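sequence and computational prediction follow.
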Protein chains: 6
Amino acid sequence: MSRISTPISIAAAPAASKASLEAVNNLLGTVPNLFRIVANSPKTLEGYLALNGALGQGALNAQTRERIALAVAEVNGCNYCLAAHQYLGSNLAKLDEAEIEANRRGTSSDEKAAAAVGFAVKIVKYRGKLSDSDFEAVRSAGYSDEEIVEIVGHVALNTLTNYINEVLGTEIDFPAVETLAV
Amino acid sequence: MSRISTPISIAAAPAASKASLEAVNNLLGTVPNLFRIVANSPKTLEGYLALNGALGQGALNAQTRERIALAVAEVNGCNYCLAAHQYLGSNLAKLDEAEIEANRRGTSSDEKAAAAVGFAVKIVKYRGKLSDSDFEAVRSAGYSDEEIVEIVGHVALNTLTNYINEVLGTEIDFPAVETLAV
Amino acid sequence: MSRISTPISIAAAPAASKASLEAVNNLLGTVPNLFRIVANSPKTLEGYLALNGALGQGALNAQTRERIALAVAEVNGCNYCLAAHQYLGSNLAKLDEAEIEANRRGTSSDEKAAAAVGFAVKIVKYRGKLSDSDFEAVRSAGYSDEEIVEIVGHVALNTLTNYINEVLGTEIDFPAVETLAV
Amino acid sequence: MSRISTPISIAAAPAASKASLEAVNNLLGTVPNLFRIVANSPKTLEGYLALNGALGQGALNAQTRERIALAVAEVNGCNYCLAAHQYLGSNLAKLDEAEIEANRRGTSSDEKAAAAVGFAVKIVKYRGKLSDSDFEAVRSAGYSDEEIVEIVGHVALNTLTNYINEVLGTEIDFPAVETLAV
Amino acid sequence: MSRISTPISIAAAPAASKASLEAVNNLLGTVPNLFRIVANSPKTLEGYLALNGALGQGALNAQTRERIALAVAEVNGCNYCLAAHQYLGSNLAKLDEAEIEANRRGTSSDEKAAAAVGFAVKIVKYRGKLSDSDFEAVRSAGYSDEEIVEIVGHVALNTLTNYINEVLGTEIDFPAVETLAV
Amino acid sequence: MSRISTPISIAAAPAASKASLEAVNNLLGTVPNLFRIVANSPKTLEGYLALNGALGQGALNAQTRERIALAVAEVNGCNYCLAAHQYLGSNLAKLDEAEIEANRRGTSSDEKAAAAVGFAVKIVKYRGKLSDSDFEAVRSAGYSDEEIVEIVGHVALNTLTNYINEVLGTEIDFPAVETLAV
């Protein structure tokens, strides 16, 4: 049971959140618990969807975005987000099982993607305090200034959902994932 | 010098970011470095401003928002954000010097605000992993479900700016703040 | 609401736990939630009470025991235990408010007690990995081998209750305590 | 050499500890250094043996208990306990080498046991601060309330021996184990 | 008792270390345990004294050097070095009691020195991973490139002695210091 | 670009650093950026070279020294040093690829070397706070008192270069290395 109530349907959500939830429903064909629990604050839902939507139209492709999401969720230890992004990574971004495990371990079989994932992991682990060589590593892998800003944006976006789900205890409505051996 | 270029003016920014920067200029009368450096990615700027704008219209008042911003910036060790929110906290939210130091130390002279600030600090420190008693502490201080979701939203919003400024090395264009003694 | 059920009375507890809970009731005149939630496992309750009882008859006096309990609960961030030991420290061990805050901050106004409290805090923070000078500090404060072993025992005893209450979400039935400013 | 003296025999131990040590000797056919060094405090020895004995009669089987002991000792970095539980895990609980390494890495080849081991590791790493999804993971693996309380109890029991051995420098009298590669 | 033997006199030290120890004796009028225990490795002693000597002739004055030493020893939790540098800070560098406590807490009553001390503390805490604003803070306080390199050098020099004393258990032969309340 | 200027040649370095840089050039046939950036402080360069030189003549062979350097650089997350010591480890110390990865993961295929590497890693991770069993592990692997002191010396030497390169942002002039999967 989540720590605050999760509206059972769009109809049961606060009025000011209904349009946002309808938009989610139109996009995904369903409204996962994450969106319904955030709907307790219409303005947080609105802001989250706007950030998510904007970054989705950015310079990074869906595979890189899912890889970063998996890596960040692993460092932050968010089971809900791991389950969600394992599902999305597999079904939407077509990442295979080995790649998903690599992403959770902070790397990738794709060399350029590995740099983005490794950069994202360092941002989370060191709370943004990176050395110049950490920074040069992502740049020398070929990422532009625009893309680098977006990687940081994706780290923050995923931190938002990680923290929401961990703090509020969102019930997991995606297939569960296994804990990685250390 | 920042790690990626900071456009010297709105005119010098990527075309797709100009409208967003104009909006910032209209609101603040100036465009602080943070917004100009994020402008390297128009979509990240758009998403960040939308999240910031939505949360600004939420259920938490300006004082509580600034207190959370100060507390989160302190835990994440972001000098730019400390400088910005000390300025905004003092000039806009009218927090006095003692209150600002209390906020940076994770508490407040206002008992209810202290609960929100303490909750925000725990979310950052433990990456969202809170015990039920941590959660009950904010609820029993009188915060509604809507407000609790928004506190988490503000933590994420500030994490976004903290990480951006730390990773990109945004040059500080607010009066500098002193390091707190441990 | 706790994560597992807390029996509402001794009668509602598992049969094998009733004698243990009666003993607690005879001793304290009430059965705090901690004991009732542990009662879900009669053997854990039995073992915990035995460890608690044995250490209570050991070489350390009640004041030192409460000081260690406060310091350990603070490092582990256990609100239930802070509330319980602030109550017990004040009412049973007659520690005044300033001393209780000092204990939570890892020290004591009593020089010898400060060494025990500081030693306990280091054990928790470094998970038992202490340097020889950390060890010599408690010995040179005048603690015997017997007392040193008992300090470690009290650290473990309090870790047990800290973890139980944090993991299970025991509802706090002692007067709440305030968060310390960092 | 340990930091406090380790009685060379039962006869050399404090009088009030002799009965406890005899009981250990009857059970194990020997008195490992851990028990003899704890014997410096008869009350700590008494309490430890009572907690250990009670949990040994609880709802978790010997294999699960040893798996948890290995995982907790690894996180706490206690060489003595790793050596002891590798020996006991292999000889008493009949865990094979691959399973013992899996346990030290926080998982298990047995799916249900993996949940208990992963839960125990999270309790230690986050000092009891688990999210609801961390908690649901162990429950959905099939553990009852009684068993969940006992897992926390075993974490505390092993923390007690880990801290004792690390703090006091108990000399290892079990076959040494190798450091795991990160 | 230290973990390796501490030669009782210069005569008792390895032959290849005697000249180095004589030099220490000529300088300080005594040979503190630190130097004698390092003398077990003549080459480590030689290298340590050379690094220490060179940095002592550098651009930072004795007060700043002692402040950094106190701050670094506090973060690393080295009681021997705290005792040594409280003695040296007080007697050689003429720092008063309040300043020494400020230094241990990572700051200074002297504004420029506070920047050096804060910079040193961040280097230790984040293992060298500083943001550009952390770096700008020390530069804008007026430190030259030469001095900045030397601050890092002093952090490393003190890390060397901190680790030596913690790992080897050097017996403290300076007046002991009190633990700071958190 | 590094945070302070890196002299482009020996001629461009501060006068007092030229002799030291010439010595490096004679030894290595080139002057890597690390030495040139440290040359901003002639005394730090002098002290660093003296410590490095002395330890190089000590009791540990080149292979063990490189293994420790790789392990320490990995824990401290220093990309420059990883690149340098992967190059030196491969070309000078003739460590093969599998051994270099093992060293970065805190172990070695050579049993005795594994103990030194594991000991070095623990010193860095726990900032010198080791339990007696951690200490006994390196001694029982066959290292003498002299060698143990030198291992701590090498940890400090590498901490110096790690911190210098991370803080100053030395540009990497060795072949880059890949991030290890967690």
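Noted; the coordinates are in hand.

other residues contacting stretch A:101-116?
With CB atoms under 8 Å, 6 or more residues apart in numbering or on different chains as the test, stretch A:101-116 has contacts from A:60, A:63-64, A:66-68, A:70-71, A:73-75, A:82, A:89, A:95, A:98-99, A:117-118, A:121, A:137-138, A:140-143, A:147, A:151, A:180, F:178-182. Using the backbone N, CA and C atoms, a C-beta is placed for each residue, glycine as well.

now chain A against chain F: closest residue?
Relative to chain F, the nearest point of chain A is residue A:132 (3.0 Å; CB to the nearest CB).

burial count for that residue?
Neighbour count of residue A:132, defined by other CB atoms under 10 Å in any protein chain shown: 26.

could you do residue A:114 as well?
Neighbour count for residue A:114, taken as other CB under 10 Å: 21.

for the biggest helix by length in chain A, what is the average pLDDT?
Determined from DSSP state H, the single longest helix within chain A is helix A:145-168. For helix A:145-168, mean pLDDT rounds to 98.

state the pLDDT value of residue A:179.
Per-residue pLDDT puts residue A:179 at 83.

surely it meets residue D:119?
No: contact criterion CB atoms under 8 Å: residue A:179 and residue D:119 do not qualify, at 9.3 Å.

could I have the CA atoms of the lowest-mean-pLDDT helix or strand in chain A written out in CSV?
The weakest-scoring helix or strand in chain A, judged by mean pLDDT, DSSP states H and E, is helix A:132-140 (a mean of 93). Output in CSV follows, covering the C-alpha atoms of helix A:132-140 (Å, rounded to 0.1, in the frame of the first residue of the first chain):
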residue,chain,number,x,y,z
ASP,A,132,37.3,17.6,-15.5
SER,A,133,38.4,14.2,-16.7
ASP,A,134,35.0,12.8,-15.9
PHE,A,135,33.6,15.6,-18.0
GLU,A,136,36.1,15.2,-20.9
ALA,A,137,35.2,11.5,-21.0
VAL,A,138,31.6,12.2,-22.2
ARG,A,139,32.7,15.0,-24.5
SER,A,140,35.4,13.0,-26.2
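
residues near the spatially closest residue to the residue of chain A closest to chain F that is not a sequence neighbour, how many?
Closest residue in space to residue A:132, ignoring its immediate chain neighbours: residue F:169 at 3.0 Å, by CB to CB, 6 or more residues apart in numbering or on different chains. Residue F:169 has 25 neighbouring residues, counting by other CB under 10 Å.

same thing with the one 4 residues further on?
Residues contacting residue F:173 under the criterion other CB under 10 Å number 16.

how about it: what's its closest non-neighbour residue?
In this structure, residue F:173 finds its nearest non-sequential neighbour in residue F:33, 5.0 Å apart by CB to CB, 6+ apart.

ok, and does the longest helix of chain A reach over to chain B?
Yes: Helix A:145-168 is in contact with chain B by CB under 8 Å from any CB of the partner chain, via A:145-150, A:152-153, A:155-157, A:159-160, A:162-168.

can you list the helices and strands that that helix packs against?
helix A:33-38, helix A:42-56, helix A:62-76, helix A:79-91, helix A:111-125, helix A:132-140, helix B:42-56, helix B:145-168 (3 or more CB pairs under 8 Å, 6 or more residues apart in numbering or on different chains; DSSP states H and E).

got a markdown table for those helices, with distance to residue E:126 too?
Below are the helices and strands packed on helix A:145-168 laid out as a markdown table (distance: least, CB to CB, whole Å):
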| stretch | distance to residue E:126 |
| --- | --- |
| helix A:33-38 | 32 |
| helix A:42-56 | 28 |
| helix A:62-76 | 17 |
| helix A:79-91 | 26 |
| helix A:111-125 | 11 |
| helix A:132-140 | 12 |
| helix B:42-56 | 25 |
| helix B:145-168 | 11 |
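
quick one: residues contacting the nearest residue to residue A:164 once chain neighbours are set aside.
Nearest residue to residue A:164 in three dimensions, chain neighbours excluded: residue B:152, at 5.4 Å (CB to CB, 6+ apart). Neighbouring residues of residue B:152 by CB under 8 Å, 6+ apart: A:44, A:160, A:163-164, A:167-168, B:123.

do residue A:64 as well
Residue A:64 is in contact with A:113, A:116, counting by CB under 8 Å, 6+ apart.

per-residue pLDDT, it?
pLDDT recorded at residue A:64 is 97.

likewise for residue A:129?
At residue A:129, the model reports a pLDDT of 94.

same deal with residue A:102?
Note on residue A:102: pLDDT of 96.

same thing with residue A:110?
Residue A:110 carries a pLDDT value of 96.

got the phi/psi numbers for it?
The phi/psi pair for residue A:110 (degrees, to the nearest 10) reads phi -90, psi 120.

ok, it to residue D:168 distance?
Separation of residue A:110 from residue D:168 (CB to CB, to the nearest Å): 50 Å.

same check on residue A:93?
Separation of residue A:93 from residue D:168 (CB to CB) stands at 52 Å.

can you pull the contacts of the residue lying closest to residue A:18 once chain neighbours are set aside?
Among residues not flanking residue A:18 along the chain, residue A:10 sits closest, at 5.7 Å (CB to CB, 6+ apart). By CB under 8 Å, 6+ apart, the contact list for residue A:10 reads A:18, A:21-22, A:25, A:31.

tell me the spacing between the nearest residue to residue A:120 once chain neighbours are set aside and chain B.
Leaving out its chain neighbours, the residue that sits closest to residue A:120 by CB to CB, 6+ apart is residue A:68, at 4.6 Å. Residue A:68 sits 13 Å away from chain B, going by CB to the nearest CB, to the nearest Å.

okay, now residue A:68: neighbour count?
Residues within reach of residue A:68, counting by other CB under 10 Å, total 29.
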